[in-house]
Structures are given as C-alpha cells and as structure tokens.
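Trainee: Sharing a model that was predicted from the sequence below.
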Amino acid sequence: MASITLCMINQKGGCGKSSTCFHLAGAFAASGCSVLLIDADPQGSLSQGFFGSEVIENLPAGRTLAALFDEECFFLDQQQLILQTDFDGISIVPCNQHLARHNIPEPEKAGLAQYALKEFLEQNDGYDVVLIDCPPNLYQCSWNAMVAADYVVIPVPPEDFGTQGLRAVHQAIDNARKLNPTIRRLGHLVTRYDRRLLVHRSYEERLRELYKEMVLDTIVPEASAFKVSLACRQPVEYYSAKSTAAERTRDLAAEIVTRIAEKSKKRIVGA
C-alpha cells in the first residue's frame, strides 16, 4: 500500500474523531503498517489516550505540534516532536493547550503557516499511514490538516447536532483544494451508532440518501469495548481483538484501503 495521509474533520465535538484515530491506528499497526498520528486538537485527547493527561498537559510547547507554528522554534529538530507509543508501529506528534493560540480563524490569511504541517510530513515521510485528528472547528489546525492530507474522513454521529454543519465542512474541503489540489473526500463515517434506536437508523438512512456512495459502508457502533480499551490506554485491537468493536475497526481499515485503491484507479483512467 502506498503511503496515505487522512484527516478526520467535523465541526461537532464528540463525534468520534479522536477515538477513530486512536483505534484505527491499532488496526493498521497490527496489520503491519507503520502509523504516525498527528494530534491537531488543542484538547490533546488523542495524545492523552496513549500517555495520560498528566504527561501530555506538562509537555512544553517545543515538544508538541505547537512548535511547528511557533517562530521561536524555527531551528527545532522536528524529529523530537515524534513520540513512540507503547505499541510497535504507532508513533504520535502530541498536542496540548499550547496549540490553542495558534488555532486562529481565517487560516487562509496565515501565509506560510498554512503549510506548516504539510512541510513537516514531507520531511518525515517514512510512514505507511498518517492519521490527523482535528479540532471541532475549521480554523488553522483543521486547515493545515486539509492542506497536508490526501483524503478526508468526516465522522458523523446519527443525530441532529452531529449532522449539522456538514455543508460548511464540504465547502472548507473545496477551499483547501486551492492549496492542495489532490485532496479528496473519502466519505462520511457513521459513528457512535446504536442499531436499537430508531432515530439512529433513520439518520443513517437519511445520510445515505443525501450522500449515497460518499457514506462508508462500515459503521462504528457505540460499544463498551472502545471506552474500556481507551481507559486502559490501548487501541481496541490490542485490548480485545475478538470484540465486535475490534472487528468493525478492522473492517474500517480495510474499507479505507479499498476505497483509496478504487479512487487511485479512477485517477489513472481519467488521466
């Protein structure tokens, strides 16, 4: 598989961006891929998932993603931003509150700062999969992620608040193409799904009516194994490989690879 960079974006908090990155990294790593996680959300939830809140919150700015946007860190050795987790094949560029002041609105006016993450990934390109966790807004951090990414996945919980603002997300992706012409929507990912709830089934059906093939076939369920494994600081693949949660995560990883392969074929045929 060729190297791929995906970012998880939605303006809604709590829709599963961080947890999807966390568990998906485990599925890819277990299959033999080297994975780099980029925590681009100032809340630092993804980083805390691996190292705990005390460790992450006490990291200086120069050891986090914030360093890429800080002029005082111009001569920084970027390799020191990458931390190895306790799991073979999974590394992460952590994030904490220091990033918040750099996550400014109107990122299109930020000049060369728009390319900070893209340049970092170009200089640290030895990974099979890069997963970028974005904050619940479309400011500088999400913009940088789209400028750097090959594909966008939009996690969507099947409820009103989760589906609101999707047009703005799609518009932001279209705008990002001015700086990154090759970025593509991989699809909407239904998360935190409870099949027992009629409202969830209805929203899923409506989402597929609206976006058709742009909704991924794999659905991420609201499963306790996700939460328990996160509490144990382990992707579900390592905590409970036989659980339904782990199976669905492997399905998601496989579908992502398949969809990317299909899109690559279409590009070649179109060329």
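Mentor: Alright, I've got the coordinates.
Trainee: alpha carbons only for contacts and neighbour counts from here, please
Mentor: OK.
Trainee: Give me the neighbour count for residue 171.
Mentor: Residue 171 has 10 neighbouring residues, counting by other Cα atoms under 10 Å.
Trainee: That one: which element?
Mentor: For residue 171, the enclosing helix or strand under DSSP states H and E is helix 166-176.
Trainee: Quick check: buried residues in that helix?
Mentor: Within helix 166-176, the residues scored as buried using 16 or more other Cα atoms under 10 Å are 166, 169-170, 172-176.
Trainee: Single out whichever of these has the smallest pLDDT.
Mentor: Minimum pLDDT for the buried residues of helix 166-176 is recorded at residue 166 (88).
Trainee: residue contacts, that residue?
Mentor: Counting by Cα atoms under 8 Å, 6 or more residues apart in numbering, residue 166 makes contact with 10-11.
Trainee: 6 Å instead?
Mentor: Residues in contact with residue 166 (Cα atoms under 6 Å, 6 or more residues apart in numbering): none are found.
Trainee: can you give me how far the helix holding residue 171 is from the chain middle?
Mentor: For helix 166-176, the distance from its own C-alpha centre to the chain's C-alpha centre is 16 Å (Cα atoms, centre = their mean, to the nearest Å).
Trainee: Same check on stretch 3-14?
Mentor: With Cα atoms, centre = their mean as the basis, stretch 3-14 stands 4 Å off its chain's centre.
Trainee: right, and the helix or strand after the helix holding residue 171?
Mentor: In the C-terminal direction, the helix or strand that comes right after helix 166-176 (DSSP H and E) is strand 184-190.
Trainee: quick check: angle from that following strand to helix 166-176?
Mentor: 160 degrees (axes from the mean of the first three to the mean of the last three Cα atoms, to 10 degrees).
Trainee: Make 47 the starting number, not 1.
Mentor: I'll keep to 47 as the first residue from here, and by that count the last item is strand 230-236.
Trainee: which is the next helix or strand following strand 230-236?
Mentor: Heading C-terminal from strand 230-236 (DSSP H and E), you reach helix 244-257.
Trainee: Just the C-alpha atoms of that next one, please, in PDB.
Mentor: Extracted in PDB, the C-alpha atoms of helix 244-257 (Å, rounded to 0.1, in the frame of the first residue of the first chain):
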ATOM      1  CA  LEU A 244     -35.000   4.100  15.600                       C
ATOM      2  CA  VAL A 245     -33.600   7.700  15.500                       C
ATOM      3  CA  HIS A 246     -30.100   6.300  14.700                       C
ATOM      4  CA  ARG A 247     -31.400   4.000  11.900                       C
ATOM      5  CA  SER A 248     -33.400   6.900  10.500                       C
ATOM      6  CA  TYR A 249     -30.500   9.300  10.400                       C
ATOM      7  CA  GLU A 250     -28.200   6.700   8.800                       C
ATOM      8  CA  GLU A 251     -30.800   6.100   6.100                       C
ATOM      9  CA  ARG A 252     -31.200   9.900   5.500                       C
ATOM     10  CA  LEU A 253     -27.400  10.400   5.400                       C
ATOM     11  CA  ARG A 254     -27.100   7.700   2.700                       C
ATOM     12  CA  GLU A 255     -29.900   9.200   0.800                       C
ATOM     13  CA  LEU A 256     -28.200  12.600   0.800                       C
ATOM     14  CA  TYR A 257     -24.600  11.500   0.200                       C
END
